[in-house]
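A.B. asks: Fold the following and give me the result.
(4 chains)
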There are 2 protein chains.
Amino acid sequence: MLQRSVLTEEEQAAICSLEGREAGIEPHRDIVRPGEHTDYSCLVVSGLAARFGQLRDGHRQITAIHIAGDMCDLYSLMLPKVEWAIQALSSPVKILKVPHRDLLKLVRAYPAVAEAFWRDCVADGSILAQWVVNVGRRDARMRTAHLLCELGVRMERAGLGRRDAYTLDIVQTQLADALGMTPVHMNRIIRGLREDGLLVTRRRDIHITDWAALAAAGGFEGGYLEYEDGPHRRL
Amino acid sequence: MLQRSVLTEEEQAAICSLEGREAGIEPHRDIVRPGEHTDYSCLVVSGLAARFGQLRDGHRQITAIHIAGDMCDLYSLMLPKVEWAIQALSSPVKILKVPHRDLLKLVRAYPAVAEAFWRDCVADGSILAQWVVNVGRRDARMRTAHLLCELGVRMERAGLGRRDAYTLDIVQTQLADALGMTPVHMNRIIRGLREDGLLVTRRRDIHITDWAALAAAGGFEGGYLEYEDGPHRRL
DNA sequence: CGGTCTATTGATATGTGTCAAAACTTGTGG
DNA sequence: CCACAAGTTTTGACACATATCAATAGACCG
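C.D. replies: Numbers count the residues shown, from 1 in each chain, chains lettered A, B, ... in the order given. As a prediction, this is how the structure comes out:
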């Protein structure tokens, strides 16, 4: 988040001085449960977390994938009653629970920090809007390519690998849940991408052998992930 | 937006004193163009506006429908480079363009106003997350029912009608663009809902004759549209 | 009263879901 | 180090929802 905003040293120090309770969450275990009032937000320290909605029949749709360094559930600071679940994905996830009380004290003391957090929520919303486009108007192959590109760019930016070579600790069924399709179909799509020489997977490692081709196959334009400084960031 | 947050009279007055340039936008005309840096956000005064993303092949996906009273493109206050378009829907739309400069001055003078705007962005994100679920995991009929329920609740809350009887100045093709489907299929789905006695349409008026049934058909649970006061809204 | 949108309908094509089973991994305990 | 269990990936055959193409009918507007 700190990359997205311009903050003074004092403000950065204030953020870093936040204390929280560390917790390790087992795969498939809830970090946040829907319908609850939460009084903390979580920083993902390591691993992957996913936010998702669930239908009565049990089908689930992942609405966000959070990587290390993401503040997940920052939304709840403004709307404490959450309507979704957040779970650890495949591996144990380490999170830091930061009480809302401390966060609010911080944002009220430093308006620029409030704006940084606010900007973070907006960035999350921009990705969400892309996901709507993805799921609504792209076919399975495009969707998959698009998501893999998005995750690559985000991973690289977070210092977790290169955009064309990163580790995604996630299972095909979960990928399918993020892309609104069936695990079976997910598998066939991935096979197709591999057969076309766009990517190689080994274990949980993704190696995009032809970035340009994958980006083209997904209609990926990374603009929505850029957060260049506007002229009016600071007072 | 003012309904979602608790503000003092002074703060409310400050918001209401914002001045902007009024403008009328013809149907299908852009309010905001993608790739631009904007220096204002828009309040929708009357009519409907839609935010959408576009694919190279021309297909579009609506990612938000803004009704009168909505602040559209508030996102751009935090990320001025917008990656989407916002257009007027079927009828002329009246908007009020409020310069970012004034908005920033306001939020920096009144932290509670900043939080109110921030909360507004988060509310938009909550709807967006629901749309991902909608498009990703519900079939055409459910999706349609769900959206009609959502719009009903939002219309009612905005004082623009009743949840089961409101005017939606929108064309079937645009509804299809919001739901990620074909105009032809959209038409068949609406016919189905009518034949099942769930709703009646006349002109642009929607009359939901059996709210409970429509909500059930859409798996609609309005929780994500509720913004009850948390205990820590004010200092 | 003709022209341009919009809504409606039909026939057919296709992408994706569903069901079912086999092959492969990974981890665990003997 | 092997054997087994549980989870994951892969494959096939088939069903079904939705897209596509094409045409007609109706609404609205100048």
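
A.B. asks: Looking at chain A, which residue is nearest DNA strand D?
C.D. replies: The minimum distance from chain A to DNA strand D, using CB to the nearest atom of the strand, falls at residue A:172 (3.3 Å). For every residue, glycine as well, the C-beta is placed using N, CA and C.

A.B. asks: so what's that residue closest to, chain neighbours aside?
C.D. replies: Of all residues not flanking residue A:172 in the chain, residue A:186 sits nearest, at 5.1 Å (CB to CB, 6 or more residues apart in numbering or on different chains).

A.B. asks: Give me the pLDDT for the one you found.
C.D. replies: For residue A:186, the pLDDT comes out at 97.

A.B. asks: That one: neighbour count?
C.D. replies: Neighbour count for residue A:186, taken as other CB atoms under 10 Å in any protein chain shown: 22.

A.B. asks: Look up phi and psi at it.
C.D. replies: Per-residue torsions, residue A:186: phi -50, psi -50 (degrees, to the nearest 10).

A.B. asks: For it, list the residues it contacts.
C.D. replies: Counting by CB atoms under 8 Å, 6 or more residues apart in numbering or on different chains, residue A:186 touches A:140, A:144, A:172-173, A:175-176, A:179.

A.B. asks: Those residues of chain A touching DNA strand C, which are they?
C.D. replies: By CB under 7 Å from any atom of the strand, the part of chain A that sits against DNA strand C consists of A:139-141, A:180-182, A:184-185, A:203.

A.B. asks: Which one of those is nearest to residue A:112?
C.D. replies: residue A:180 (37.7 Å; CB to CB).

A.B. asks: Is the nearest residue to that closest one once chain neighbours are set aside in a helix, a strand, or coil?
C.D. replies: Excluding its sequence neighbours, the residue lying closest to residue A:180 (CB to CB, 6+ apart) is residue B:136, at 2.9 Å. Following DSSP: H, G, I helix; E, B strand; the rest coil, residue B:136 is assigned to helix.

A.B. asks: so residue B:136 touches residue A:179, yeah?
C.D. replies: Yes: if you go by CB atoms under 8 Å, residue B:136 and residue A:179 touch, sitting 7.5 Å apart.

A.B. asks: Spit out the residues that contact those two alike.
C.D. replies: Common contacts of residue B:136 and residue A:179, defined by CB under 8 Å, 6+ apart, comprise residue A:135.

A.B. asks: Those two: which is more packed in?
C.D. replies: The neighbour comparison of residue B:136 against residue A:179 (other CB under 10 Å) goes to residue B:136, with 27 against 24.

A.B. asks: Flag the shaky bits of chain A, pLDDT-wise.
C.D. replies: Chain A contains residues with pLDDT under 70 at A:1-2, A:228-235.

A.B. asks: mind redoing it with 80?
C.D. replies: For chain A, the stretches flagged by pLDDT under 80 are A:1-5, A:7-9, A:14, A:16-20, A:22, A:26, A:223, A:227-235.

A.B. asks: can you list the domain ranges for it.
C.D. replies: A:2-129, A:139-225 (automatic domain parsing).

A.B. asks: Please compute how far the last one lies from its chain's middle.
C.D. replies: Right, domain A:139-225. Chain-centre distance of domain A:139-225: 14 Å, with CA atoms, centre = their mean, to the nearest Å.
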